[in-house]
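Student: pasted the sequence and its predicted model underneath.
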Amino acid sequence: MAEASQSITVTERVARMSRDLKLFIAASLAMGVAYSIVDSTFNNFLNERFPITPFQRSFLEFPRELPGVLCVFVTALLWFLCSRRLGVVAMLLGVLGTLAIGFISQTYAIMTVCLFIYSMGMHLFLPASASIGMELAEEGKSGQRLGQLNAVRNAATILGSFLVFLCFRYFGLTFQHTFTVSALAFAVAAIFLFAMKQGQVSRPALFFKLQKEYRLYYILAVLYGSRKQLFITFAPWVLVTVFHQPTQILATLMTIGGIIGILFQPFLGRMIDHFGERVVLVAEAILLVLVCFGYGFSRSWFSESAGFFIVCGCFLLDQMLMSVNMARSTYMKKIALDPSHVQPALTAAVTIDHIFSIAVALIGGAIWNAFGFQYVFLLGGVIALLNFAAALQIHLPTVS
């Protein structure tokens, strides 16, 4: 009876959702599967198709992250599109980019162009996604809504990573097959987003204006972008090149992280609403220091097998902590002088943080080549400490 009652409660909760929320959840599932497939295969695709050095791998972050720098300009050019229609454009770029990576990347140079197209779609969707999520939230429950939507994407991550695991382990499929499946998932997400009602359109000038009242938010975005880049670029590269792990291991870790995230994301959203952004971001910074030391020195301090498991644990914790970025989005919403400032500020933050994240990727690659991967994560520890200091400057009343 209890199970039936719980089932009815969940059914009723879904029934009470607005049509747009249901469509966005469906789009988030499809989009999450698409991104998960690419994330689970791309590093091994690079390693097998284009034998490259750690510095070449880090240099590849330039075309990958350049769209983040250009994001504010491209979004301003598309000012006549609301965040939901902008999401459609982003998904279509995802379709084009993944198919191009899989089928026409015959040389390293061509592959970088294809990666740029794919990445442009991804970066256009980052601020649009947060903006849509908060638009669909009840007053005072933005963190909870973003947490729920991130949990949906984690479920999609599980599905996408599991598909990759099955494809490579048992069915002998190729990278072209998996990139095709990813493109189809992006196309489905575009259809669901297009079916949503149009939202508010922001004036073009707002995308180019940096308000001094949002200074701390921009600083937090810079530090997040720098820290995020270490995870995206060098954490998987440690597993692939230092511990020599195959595609299945990264896919498995993504799957496990997705399972954990289904429970963690809504919990994190409630913690943001209840304790406030300051507490959550300070806790994130402290944990990041430990993660960076785990990545950099577990292989030196412990046996090979123990070091591998510690790095896997750091990978999972790091994957969870990436979600704390929703606290920066809700912080921006709380300090916004006008609701129309939210999406332009989120978009501007993506551009600002990517200027620094590209620099971190290039500097990190040079440090890896010159001194070893351990020192890359020492740099990450310094960034985490700066993030700790910045988070302490947040002063907002606790939301009960």
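Tutor: Here it is on my side, so go on.
Student: for the rest of this, base every contact and every neighbour count on C-alpha atoms.
Tutor: Fine.
Student: give me the average confidence score over the host helix or strand of Leu149.
Tutor: Using DSSP states H and E, Leu149 sits within helix 142-169. The average pLDDT for helix 142-169 rounds to 76.
Student: stretch 175-186 now?
Tutor: pLDDT averaged over stretch 175-186 gives 88.
Student: how far out from the middle of the chain is that stretch?
Tutor: Between the centre of stretch 175-186 and the centre of its chain there are 19 Å (CA atoms, centre = their mean, to the nearest Å).
Student: can you check stretch 153-162 too?
Tutor: The answer for stretch 153-162 is 13 Å, by CA atoms, centre = their mean.
Student: quick one: contacts of that stretch?
Tutor: Contacts with stretch 153-162, where a contact means CA atoms under 8 Å, 6 or more residues apart in numbering, come from 28-37, 40, 251-252, 254-259, 261-262.
Student: check which residues of it are buried.
Tutor: Along stretch 153-162, these residues count as buried under the neighbour rule (16 or more other CA atoms under 10 Å): 153-162.
Student: next, format those as CSV and append distance to Pro339.
Tutor: As requested, those are exported to CSV (distance: CA to CA, whole Å):
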residue, distance to Pro339
Arg153, 26
Asn154, 28
Ala155, 31
Ala156, 30
Thr157, 31
Ile158, 34
Leu159, 35
Gly160, 35
Ser161, 37
Phe162, 39
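Student: between those residues, which is nearest Phe194?
Tutor: Arg153 (18.7 Å; CA to CA).
Student: which strand or helix spans the residue lying closest to that closest one once chain neighbours are set aside?
Tutor: Spatial nearest neighbour of Arg153, chain neighbours left out: Gly32 (4.9 Å); criterion: CA to CA, 6 or more residues apart in numbering. Per DSSP H and E, Gly32 falls inside helix 19-49.
Student: again with Leu346
Tutor: helix 342-371.
Student: now do that helix: distance to the chain's middle.
Tutor: For helix 342-371 - counting by CA atoms, centre = their mean - the centre lies 14 Å from the chain centre.
Student: and the helix or strand that it is followed by with helix 342-371, angle?
Tutor: Following helix 342-371 in sequence order, the next helix or strand is helix 373-391 (DSSP H and E). With axes from the mean of the first three to the mean of the last three CA atoms, to 10 degrees applied, the angle from helix 373-391 to helix 342-371 works out at 150 degrees.
Student: next one: helix 373-391 to chain centre, how far?
Tutor: On CA atoms, centre = their mean, the centre of helix 373-391 falls 19 Å from that of its chain.
Student: switch to numbering from 7
Tutor: Okay, using 7 as the starting number, the last item reads as helix 379-397.
Student: contacts for that helix next, please.
Tutor: By CA under 8 Å, 6+ apart, helix 379-397 touches 222, 225-226, 229-230, 232-233, 236, 244, 284, 287-288, 291-292, 294-295, 298-299, 301-303, 370-371, 373-374.
Student: give the rounded mean pLDDT of it.
Tutor: In the prediction, helix 379-397 has an average pLDDT of 87.
Student: and stretch 337-344, by the same measure?
Tutor: If you average the pLDDT values across stretch 337-344, you get 81.
Student: mind listing what's buried along that stretch?
Tutor: 337-339, 342.
Student: of those residues, which pair is most distant in space?
Tutor: Most distant of the buried residues of stretch 337-344, by CA to CA, are Tyr337 and Ala342, 8.6 Å apart.
Student: tell me how many other residues surround Gln112.
Tutor: Counted by other CA atoms under 10 Å, the residues lying close to Gln112 total 12.
Student: that one and Leu226, how far apart?
Tutor: Distance from Gln112 to Leu226, counting by CA to CA, to the nearest Å: 39 Å.
Student: ok now the helix holding Gly38, how far from the chain's centre?
Tutor: With CA atoms, centre = their mean, you get 11 Å for helix 25-55.
Student: list the buried residues in it.
Tutor: Applying 16+ other CA under 10 Å to helix 25-55 flags 26-47, 49-51 as buried.
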